[in-house]
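Can you look at this prediction? I've put the sequence above it.
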Amino acid sequence: MDNQLERINPLQAHQERQSELTELTEQMLHSYEALKSAYQEQGEKLKELNTSVIHYKQQSSYWEWQFNQIKSRQEELEAELEELKGKLRKREKQIFGNKSEKTPSHSEQQSEEKKSLKKRGQQPENDSPARRDYPDLPEVEEVVELTDKENYCFCCGLKYQELSGTEDSEVLEIIDVQAYRRRICRKRYKRQC
């Protein structure tokens, strides 16, 4: 019997160990399932967070682009405003500024009389500047005669009589970047009536 008890005891001990092992396995399976579901939940949350991050990055890029557009538009408008302000100042000066035809006040007239007693323009004591002559330039002479139609007096209809001498004038001309003097000699005429 003792032998039988000893047999039962190891068998019973084995069964107890087996049941403990089964319980432990079930607990581990239960813990594994709990960890697995928690891991899946965390994965879902992570996917949601990644989606949110992508969405917020897109929003950020969009608003940054909007900000840059508005900023460039603002700079354009400020430049236009400065230009218009300048034009306005110019117009106000034209309209409301000093007038050239404005009659000076009495005190201004007296001060101007004291300042300038001389007349404006060429002063009698000063010689006028001499007319320039260009003797070094080549001269091309051009004789101008009246045409047959112009050579008659409009009063009596008789032909003009040619006088001696000419009325000369000079014109400085630059042709092909070469300067020369052109002498124009107009024949002089008189009436015969």
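Structure received. Given the structure is predicted, the values throughout are model-derived calculations rather than measurements.

quick check: longest helix of this structure.
Longest helix of the chain, by residue count under DSSP state H: helix 2-96.

Give me the distance between the residue nearest to the spatial centre of the chain and residue 22.
With distances taken as CA atoms, centre = their mean, the residue of the chain nearest its centroid is residue 79 (8.9 Å). Using CB to CB, to the nearest Å, we find residue 79 at a distance of 85 Å from residue 22. No exception for glycine: its C-beta is placed from N, CA and C like everyone else's.

Also residue 89?
The gap separating residue 89 from residue 22 is 98 Å, by CB to CB.

do the same with residue 193
As judged by CB to CB, residue 193 and residue 22 stand 158 Å apart.

again, but for residue 123
Counting by CB to CB, the gap from residue 123 to residue 22 is 135 Å.

Low-confidence ranges, this structure, go.
Within the chain, the segments meeting pLDDT under 70 span 1-8, 100-118, 178.

hey, which strand is longest across it?
For the chain, the strand that runs over the most residues, judged by DSSP state E, is strand 161-175.

Now do it: which elements does it pack against?
Under the contact definition 3 or more CB pairs under 8 Å, 6 or more residues apart in numbering; DSSP states H and E, strand 161-175 sits against strand 178-190.

Pull out the buried positions in the strand it packs on.
Residues 181-182, 187, 189 are the ones in strand 178-190 that count as buried (16 or more other CB atoms under 10 Å).

which among those gets closest to residue 48?
Of all those, residue 182 has the smallest distance to residue 48: 96.6 Å, by CB to CB.

And for the closest residue to residue 189 other than its chain neighbours, the neighbour number?
In space, and not counting its chain neighbours, residue 189 is closest to residue 160: 3.5 Å by CB to CB, 6 or more residues apart in numbering. Neighbours of residue 160 under the rule other CB atoms under 10 Å: 16.

For residue 160, list the residues it contacts.
With contact set as CB atoms under 8 Å, 6 or more residues apart in numbering, residue 160 has these partners: 146, 151-153, 189-192.

just the buried members of these?
For the contacts of residue 160, buried by 16+ other CB under 10 Å: residue 189.

And the contacts of residue 160, which two are furthest apart?
Across the contacts of residue 160, the longest distance by CB to CB is 14.2 Å; it joins 146 and 192.

coming back round to it: so which elements touch the longest helix of the chain?
Against helix 2-96 (3+ CB pairs under 8 Å, 6+ apart) you get no helix or strand.

Distance check, residue 25 against residue 98.
Distance from residue 25 to residue 98, counting by CB to CB: 108 Å.

ok, the two, which is more surrounded?
residue 25 (10 against 6).

For that one, give its distance to residue 16.
Residue 25 sits 15 Å away from residue 16, going by CB to CB.

what does residue 85 give?
Distance, residue 85 to residue 16, using CB to CB: 100 Å.

And for residue 88?
Taking CB to CB, one finds residue 88 at 104 Å from residue 16.

likewise residue 92?
Per CB to CB, residue 92 is found 109 Å from residue 16.

Many thanks, I have nothing further to ask.
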